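Enquirer: Below are the sequence and a predicted model for it; my questions follow.
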Amino acid sequence: MAERLVARPLTREAFAPFGEVLQTGGAEHFPINAGTTERYHALAAVTLDGPPARAILSIFRGQPVTPPVRLALLERHPLGSQAFMPLDRRPYLVVVAPPGEGFALGDLHAFLARGDQGVSYAPGVWHHPLLALEAVSDFLVVDRDGPGNNCDERPLPAPVEVVLPAAAAGAGNEEGPR
Ligand SMILES: NC(=O)N[C@@H](O)C(=O)O
Ligand code: NI
(Lines give C-alpha, C1' and ligand atoms only; values in the text may rest on other atoms or scores of the structure.)
(Ligands and ions follow the chains in the order given, each with its own letter.)
Protein backbone atom coordinates (compact mmCIF):
# COMPACT_ATOMS: atom_id res chain seq x y z
CA MET A 1 0.00 0.00 0.00
CA ALA A 2 1.59 3.30 -1.09
CA GLU A 3 1.70 6.36 1.15
CA ARG A 4 -0.69 9.03 -0.26
CA LEU A 5 0.73 12.51 -0.79
CA VAL A 6 -1.87 15.15 -1.69
CA ALA A 7 -0.62 17.92 -3.98
CA ARG A 8 -1.49 21.45 -2.92
CA PRO A 9 -1.47 24.62 -5.03
CA LEU A 10 2.01 26.06 -5.59
CA THR A 11 2.63 29.38 -3.85
CA ARG A 12 5.82 31.36 -3.22
CA GLU A 13 5.34 31.11 0.51
CA ALA A 14 4.79 27.35 0.62
CA PHE A 15 7.69 26.71 -1.78
CA ALA A 16 10.13 29.09 -0.03
CA PRO A 17 12.03 26.32 1.85
CA PHE A 18 12.80 24.66 -1.50
CA GLY A 19 13.53 27.57 -3.82
CA GLU A 20 11.66 30.20 -5.81
CA VAL A 21 8.44 30.32 -7.81
CA LEU A 22 8.76 31.99 -11.23
CA GLN A 23 5.55 33.93 -11.79
CA THR A 24 4.57 37.49 -12.57
CA GLY A 25 2.10 37.74 -9.70
CA GLY A 26 3.79 39.46 -6.77
CA ALA A 27 7.09 39.98 -8.62
CA GLU A 28 9.09 43.21 -8.87
CA HIS A 29 8.41 44.65 -12.31
CA PHE A 30 9.06 47.81 -14.30
CA PRO A 31 8.65 49.07 -17.86
CA ILE A 32 11.61 48.86 -20.28
CA ASN A 33 12.14 49.38 -24.02
CA ALA A 34 10.39 52.78 -24.01
CA GLY A 35 7.44 51.31 -22.19
CA THR A 36 6.72 48.61 -24.77
CA THR A 37 7.83 45.79 -22.45
CA GLU A 38 7.29 45.01 -18.77
CA ARG A 39 10.30 43.36 -17.05
CA TYR A 40 9.47 40.95 -14.24
CA HIS A 41 12.84 41.20 -12.66
CA ALA A 42 15.08 38.61 -10.97
CA LEU A 43 12.44 35.99 -10.28
CA ALA A 44 15.27 33.71 -9.19
CA ALA A 45 19.05 33.64 -9.25
CA VAL A 46 21.13 30.88 -10.89
CA THR A 47 23.46 29.27 -8.36
CA LEU A 48 26.71 27.63 -9.56
CA ASP A 49 28.73 26.10 -6.74
CA GLY A 50 31.79 23.82 -6.77
CA PRO A 51 34.36 23.80 -9.60
CA PRO A 52 34.02 26.51 -12.29
CA ALA A 53 30.91 25.73 -14.32
CA ARG A 54 28.48 27.43 -16.66
CA ALA A 55 24.74 28.02 -16.58
CA ILE A 56 22.96 26.48 -19.55
CA LEU A 57 19.47 26.63 -20.97
CA SER A 58 17.81 23.45 -22.22
CA ILE A 59 14.35 22.32 -23.23
CA PHE A 60 12.91 19.26 -21.51
CA ARG A 61 10.07 17.61 -23.42
CA GLY A 62 8.19 15.68 -20.73
CA GLN A 63 5.82 12.77 -21.25
CA PRO A 64 2.68 13.26 -19.15
CA VAL A 65 1.96 11.20 -16.06
CA THR A 66 -1.57 10.30 -14.95
CA PRO A 67 -2.43 10.76 -11.29
CA PRO A 68 -2.29 8.99 -8.95
CA VAL A 69 1.43 9.17 -9.66
CA ARG A 70 3.57 6.52 -7.99
CA LEU A 71 7.04 7.77 -6.98
CA ALA A 72 10.09 5.63 -6.33
CA LEU A 73 12.95 8.11 -5.97
CA LEU A 74 14.05 11.69 -5.53
CA GLU A 75 17.21 13.39 -6.78
CA ARG A 76 19.21 16.48 -5.89
CA HIS A 77 21.77 18.76 -7.53
CA PRO A 78 24.22 19.73 -4.78
CA LEU A 79 26.30 22.06 -6.94
CA GLY A 80 23.68 24.26 -8.50
CA SER A 81 20.12 25.43 -8.83
CA GLN A 82 17.75 24.01 -11.43
CA ALA A 83 14.81 25.97 -12.83
CA PHE A 84 11.83 24.79 -14.88
CA MET A 85 9.47 27.14 -16.77
CA PRO A 86 6.55 25.57 -18.67
CA LEU A 87 6.44 26.62 -22.31
CA ASP A 88 3.07 25.03 -23.10
CA ARG A 89 1.43 26.60 -20.05
CA ARG A 90 0.02 23.31 -18.77
CA PRO A 91 -0.09 22.39 -15.09
CA TYR A 92 2.54 19.98 -13.74
CA LEU A 93 3.51 18.34 -10.47
CA VAL A 94 6.41 19.31 -8.22
CA VAL A 95 7.54 16.98 -5.43
CA VAL A 96 10.27 18.15 -3.06
CA ALA A 97 11.98 17.48 0.28
CA PRO A 98 14.33 19.77 2.20
CA PRO A 99 18.09 19.66 1.48
CA GLY A 100 20.10 17.30 3.64
CA GLU A 101 21.80 13.93 3.62
CA GLY A 102 18.50 12.09 3.31
CA PHE A 103 14.74 12.40 3.77
CA ALA A 104 11.85 10.58 5.41
CA LEU A 105 8.41 10.21 3.81
CA GLY A 106 7.15 12.90 6.18
CA ASP A 107 9.57 15.37 4.61
CA LEU A 108 7.94 15.16 1.16
CA HIS A 109 5.75 17.95 -0.18
CA ALA A 110 3.79 17.85 -3.44
CA PHE A 111 2.60 20.91 -5.31
CA LEU A 112 0.32 21.37 -8.30
CA ALA A 113 1.90 24.13 -10.40
CA ARG A 114 -0.19 26.20 -12.80
CA GLY A 115 0.91 26.62 -16.39
CA ASP A 116 2.03 30.20 -15.70
CA GLN A 117 4.28 29.19 -12.79
CA GLY A 118 7.86 27.96 -12.93
CA VAL A 119 10.07 26.71 -10.11
CA SER A 120 13.75 27.09 -9.29
CA TYR A 121 15.09 24.37 -6.97
CA ALA A 122 17.81 25.61 -4.63
CA PRO A 123 21.02 23.57 -4.65
CA GLY A 124 20.66 20.29 -2.76
CA VAL A 125 16.86 20.34 -2.60
CA TRP A 126 15.51 16.85 -3.13
CA HIS A 127 12.99 16.74 -5.96
CA HIS A 128 11.33 14.29 -8.29
CA PRO A 129 12.34 14.51 -11.97
CA LEU A 130 9.94 16.36 -14.21
CA LEU A 131 6.28 15.36 -13.83
CA ALA A 132 4.31 16.78 -16.76
CA LEU A 133 0.52 16.46 -16.81
CA GLU A 134 -2.21 16.22 -19.48
CA ALA A 135 0.01 16.09 -22.62
CA VAL A 136 3.61 16.04 -23.81
CA SER A 137 4.93 19.37 -22.50
CA ASP A 138 8.05 21.45 -23.09
CA PHE A 139 9.86 23.24 -20.27
CA LEU A 140 12.72 25.71 -20.46
CA VAL A 141 15.33 24.48 -17.95
CA VAL A 142 18.20 26.53 -16.56
CA ASP A 143 20.82 24.59 -14.62
CA ARG A 144 24.54 23.95 -14.10
CA ASP A 145 26.87 22.33 -16.64
CA GLY A 146 30.38 21.54 -15.47
CA PRO A 147 32.71 19.25 -13.52
CA GLY A 148 31.76 17.57 -10.27
CA ASN A 149 28.91 15.26 -9.33
CA ASN A 150 25.75 17.30 -9.56
CA CYS A 151 23.07 14.63 -9.51
CA ASP A 152 22.42 12.28 -6.58
CA GLU A 153 19.47 9.89 -6.71
CA ARG A 154 17.91 8.37 -3.58
CA PRO A 155 15.15 5.74 -3.49
CA LEU A 156 12.10 6.52 -1.37
CA PRO A 157 11.92 4.44 1.81
CA ALA A 158 8.49 3.25 0.68
CA PRO A 159 6.30 3.80 -2.41
CA VAL A 160 4.43 7.11 -2.50
CA GLU A 161 1.40 8.02 -4.58
CA VAL A 162 0.78 11.68 -5.43
CA VAL A 163 -2.89 12.57 -5.77
CA LEU A 164 -4.51 15.82 -6.89
CA PRO A 165 -6.90 17.54 -4.48
CA ALA A 166 -10.37 17.53 -6.09
CA ALA A 167 -10.47 21.30 -5.73
CA ALA A 168 -7.22 21.79 -7.63
CA ALA A 169 -7.89 19.18 -10.31
CA GLY A 170 -9.37 21.84 -12.56
CA ALA A 171 -6.60 24.38 -11.92
CA GLY A 172 -5.78 24.35 -15.65
CA ASN A 173 -3.95 27.40 -16.91
CA GLU A 174 -5.88 30.26 -15.40
CA GLU A 175 -3.47 33.09 -14.69
CA GLY A 176 -2.35 33.78 -11.16
CA PRO A 177 -2.80 37.12 -9.42
CA ARG A 178 -1.07 39.93 -11.40
N1 LIG B 1 18.42 14.79 -14.84
C2 LIG B 1 17.91 15.85 -15.40
O3 LIG B 1 18.52 16.50 -16.23
N4 LIG B 1 16.62 16.19 -15.02
C5 LIG B 1 16.30 16.17 -13.65
O6 LIG B 1 17.32 16.87 -12.96
C7 LIG B 1 14.97 16.79 -13.35
O8 LIG B 1 14.84 17.45 -12.28
O9 LIG B 1 14.06 16.60 -14.18
NI1 NI C 1 16.61 17.80 -11.30
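Expert: Structure's in. What do you need? Ligands and ions are numbered 1, 2, ... in the order given.
Enquirer: Tell me where this protein has helices.
Expert: For the chain, the helices defined by DSSP state H cover 12-15.
Enquirer: How about the residues of it by ligand 1?
Expert: Within the chain, the positions adjacent to ligand 1 are E75, Q82, H127, P129, L130, C151 by CB under 6 Å from any ligand atom. Backbone N, C-alpha and C define where each C-beta goes, glycine included.
Enquirer: is it true that the fourth one touches E75?
Expert: When you say that, I think you mean P129. Yes - counting by CB atoms under 8 Å, P129 does reach E75; the two are 6.4 Å apart.
Enquirer: any idea how far A83 is from ligand 1?
Expert: Remark: distance between A83 and ligand 1 (CB to the nearest ligand atom, to the nearest Å) = 10 Å.
Enquirer: just checking, that residue touches P123?
Expert: No - with contact defined as CB under 8 Å, A83 does not reach P123; the gap is 11.7 Å.
Enquirer: Just want to know which of the two has more residues nearby.
Expert: The neighbour comparison of A83 against P123 (other CB atoms under 10 Å) goes to A83, with 22 against 19.
Enquirer: Which residues are in contact with the closest residue to that one other than its chain neighbours?
Expert: Spatial nearest neighbour of A83, chain neighbours left out: S120 (3.8 Å); criterion: CB to CB, 6 or more residues apart in numbering. If you count contacts by CB atoms under 8 Å, 6 or more residues apart in numbering, S120 has them with G19, E20, V21, L22, L43, A44, S81, Q82, A83, F84, V142.
Enquirer: Relative to ligand 1, which of those is nearest.
Expert: Minimum distance to ligand 1 across the contacts of S120 is 5.8 Å, recorded for Q82 (CB to the nearest ligand atom).
Enquirer: Could you count how many residues lie near that closest one?
Expert: 23.
Enquirer: And the one 10 residues further on, by the same measure?
Expert: The tally of other residues near Y92 (other CB under 10 Å) stands at 26.
Enquirer: Return the residues in contact with it.
Expert: By CB under 8 Å, 6+ apart, the contact set of Y92 is G62, F84, P86, A113, G115, L130, L131, A132, L133, S137, F139.
Enquirer: again, only using 6 Å
Expert: Neighbour list for Y92: A113, L131, A132, L133 [criterion: CB atoms under 6 Å, 6 or more residues apart in numbering].
Enquirer: what is it paired to in the beta sheet?
Expert: Y92 has these beta-bridge partners by DSSP bridges: A113, A132.
Enquirer: Neighbour-wise, give me the winner out of the contacts of S120.
Expert: Each of the contacts of S120 was scored for neighbours by other CB under 10 Å, and V21 scores highest at 26 neighbours.
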